[in-house]
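>>> build me a structure from this.
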Amino acid sequence: MGRPRRTSVIGGAGLCACLLLVVGGRPADPSAQEGPRSRTIETPIRMAVEDYRLANGLNVVLSRDTSAPVVAVNLWYHVGSANEEPGRTGFAHLFEHMMFQGSAHIGDDEHFRLIQEAGGTLNGSTSTDRTNYFQAVPSNFLEQVLWQESDRMGFLLDGMTQEKLDNQRNVVQNERRQRYENAPYGLAGETIAAALYPQGHPYSWPTIGSMTDLNAASMEDVQAFFRTYYAPNNASLALVGDFDPAQAKRWVERYFGDIPAGVPIARERPASPVNLEAERRLVLEDRVQLARLYVVWPSPAIFEPHDADLDVLGHVLAGDRSSRLTQRLVNRDRLAQFVSATQSSRELGGQFSIVVQARPGVTLARVRAVVDEEVARVLREPPTEREIERARNTLEAFFIQSLETSLDRADRLNAYATYVGDPAFVVQDLARYGTVTAATVQEAARRFLHDRRVMLSVVPEGKMALAVR
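The predicted model follows:
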C-alpha cells in the first residue's frame, strides 16, 4: 500500500493540561491503560504530558514545548537482546541497522538523507530490553518523520533483500571486531555476563550477539523476529517539542493506525536478582597496557526496592574526587588511575559494579584489598549524612539535566511508558532519591554486596602475576 509523502508547516494550538495526582506502585502490565491521559507535571521542569493508545496497540506520548521550533520523534520497540534465544543472538541489534536500509516506499539509505536534508539529526540504539529510533527536526518536518517511521514499521520487510541482510550482517560483525575483539578490555562485559547469569538467561550474552549466530541468521529467521517484535502493540511513540497536538494526533492515526497489531508477546521473567552460589574469579589476558579489576554483584532491576539506594552508594564509593574509593585508590595510596562504582539496573535485573584501573606495576590483589575494606566499612557503619546529601544532590542534578533537551526528554518519557506503563512516572522516579537515607543505603549494601560475586582481572598478555587468583 502506497503512502503519500508530505511536509507542512504547523500552527500553534495549546495542549490541554490538568493537575497530576501521583499514585505509588508499579503497574503489573505496562500495556494496561484506559483512555487518553493529559497532565501537567513538575520535576521541577514543568511539562505537559498526554498519552493514549491507537486501536492497534501503539502507545503515543505527546509533550508540547514551544521554546524552540524543533520536535523530537522517539520510537521505542520493547525488544532487545533479552528477547533473543541461545543460538540466535544479535537480531535486535542487527535490526537497528536494517531499519535504516530502506523500506517499501523509502529507498536504500534514504532515511538518513531525508532527515539530514531537513536539517535534522537521527540515530538508533539497542540494549538488552529495548530498541529506539530517534530524530529531531524543524517542526514543519514532523509529518515527514512520522511517515518515514511508519513506513519502516509497517513495510520494512517489503524492502528487505538478501543483499541488504548480508551487507548489514558484515557491518555488525565488523562493529563487533572493533568494539569487542580488538578493543582494549572489549571482552570484559561479555565475560562478566556469562559468569554472572545462568546459562540461557536473557542477559547472559552480549547485545551485539556472537559471530557464529550472526553467520547462521537466515532471511526466514530475521523476518520472523521482525514480525513478532516490530509491531505497533510492542512500540511507544513519543513526540516532544513544538507541534500542534491535534494535528499530530491526526498524522499519527493516518500513518500508524492501519498497521496491523502483532501477536501478543509472552515475556519471560527470570528471578531478579540472580543468585550466585559462590564467588567466581576470572582472568582475561588482553592486549592492554594496564591491569583492570571488575567486581560485580547481582542487584535489583530498574525501579525495584534498593535500586535508588545503590545509585547513591555508587556515588559515595566513587562518584567524585572526594568519594571513598577515589580518595584511597587514586589520591592517597596512588594505586589506581581511576575507579568507578555504578548500579546498572535493567528490566530483568541489575548489576552493581566496581571497576578499577591500576597504575603500572600495581597488582590487582592490592586493589581488591582496598575495595573489600571500603565495602566492609559500609557494611559495618552507614555513610555519613553529608555523603548521602552530596550524592543525592548530584544524582538529582544529572536527572534534571537529562530532561532539558527534547531528544533526551522524549527518550525518558518513552522509557517510563514502556517499563511501567506511565510516562508521568518521571515524577516518582525522581522522588525515589528523596527517600534514600544512610540506613537504607547500608541495608542495600548488606543485602547485595556479599561474597557471592564475579571478580574479573584483565591483565596485559604475559603478566598473569598481576591478576587476583
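>>> who are the contact partners of the residue nearest the centre of the chain?
Centroid-nearest residue in the chain: residue 127, 5.4 Å away (criterion: Cα atoms, centre = their mean). Residues near residue 127 by Cβ atoms under 8 Å, 6 or more residues apart in numbering: 80-81, 207, 346. For the C-beta atoms, the positions are set from N, CA and C on the backbone; glycine is no exception.
>>> residue 251 now?
Contact analysis of residue 251 by Cβ under 8 Å, 6+ apart lists 142-143, 146.
>>> among the contacts of residue 127, which are in helices?
When the contacts of residue 127 are checked against helices using DSSP state H, none is located there.
>>> of these, closest to residue 64?
residue 80 (29.5 Å; Cβ to Cβ).
>>> and stretch 459-469, how far out from the chain middle?
Taking the mean of its C-alpha atoms, stretch 459-469 sits 33 Å from the chain's own mean (Cα atoms, centre = their mean, to the nearest Å).
>>> list the buried residues in it.
Within stretch 459-469, the residues scored as buried using 16 or more other Cβ atoms under 10 Å are 459, 466-468.
>>> can you tell me which of those residues is nearest residue 429?
Among the buried residues of stretch 459-469, and counting by Cβ to Cβ, the member closest to residue 429 is residue 468, at 36.3 Å.
>>> mind checking pLDDT for that closest one?
At residue 468, the model reports a pLDDT of 97.
>>> residue 226 too?
On pLDDT, residue 226 comes in at 93.
>>> chain neighbours aside, what residue packs nearest to residue 167?
Ranked by Cβ to Cβ, 6 or more residues apart in numbering and with sequence neighbours excluded, the top spatial neighbour of residue 167 is residue 101, at 7.8 Å.
>>> give me the distance between that neighbour and residue 161.
Taking Cβ to Cβ, to the nearest Å as the measure, residue 101 falls 9 Å from residue 161.
>>> what does residue 313 give?
Going from residue 313 to residue 161 by Cβ to Cβ gives 50 Å.
>>> okay, those two: which has more neighbours?
Legend: neighbour count by other Cβ atoms under 10 Å for residue 313 and residue 161, higher for residue 313 (30 against 12).
>>> quick check: phi and psi at residue 126.
Phi and psi for residue 126, reported as degrees, to the nearest 10, are phi -130, psi 140.
>>> run through the bridge partners of it.
Taking DSSP bridges as the rule, residue 126 bridges to residue 131.
>>> would you mind confirming that it makes contact with residue 207?
Yes - in this structure residue 126 lies within contact range of residue 207 using Cβ atoms under 8 Å: 5.6 Å.
>>> overlap in contacts of the two?
Jointly contacting residue 126 and residue 207 under the rule Cβ under 8 Å, 6+ apart are 80-81, 92-93.
>>> give the contact list for residue 330.
Per Cβ under 8 Å, 6+ apart, neighbours of residue 330: 336-339.
>>> try it again at 7 Å.
Neighbouring residues of residue 330 by Cβ atoms under 7 Å, 6 or more residues apart in numbering: 336, 338-339.
>>> what's the answer for residue 256, then?
Contacts for residue 256 (Cβ under 7 Å, 6+ apart) come out as 54, 58, 150, 232.
>>> let me know the pLDDT of it.
98.
>>> could you do residue 45 as well?
Residue 45 is assigned 81 on the pLDDT scale.
>>> likewise residue 6?
For residue 6, pLDDT reads 30.
>>> again with the one 5 residues further on
Here the pLDDT value assigned to residue 11 is 28.
>>> where do the domain boundaries of this protein fall?
Residue ranges for each domain of the chain read 37-256, 280-466, as given by automatic domain parsing.
>>> adding distance to residue 435, write the contacts of residue 251 out as a markdown table.
As requested, the contacts of residue 251 are exported to a markdown table (distance: Cβ to Cβ, whole Å):
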| residue | distance to residue 435 |
| --- | --- |
| 142 | 39 |
| 143 | 43 |
| 146 | 39 |
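>>> of the residues you listed, which is the most crowded?
residue 142 (26 neighbours).
>>> sorry, back to before: closest one of the shared contacts of residue 126 and residue 207 to residue 223?
The closest of the shared contacts of residue 126 and residue 207, once distances to residue 223 are taken by Cβ to Cβ, is residue 92, at 14.3 Å.
>>> thank you, goodbye.
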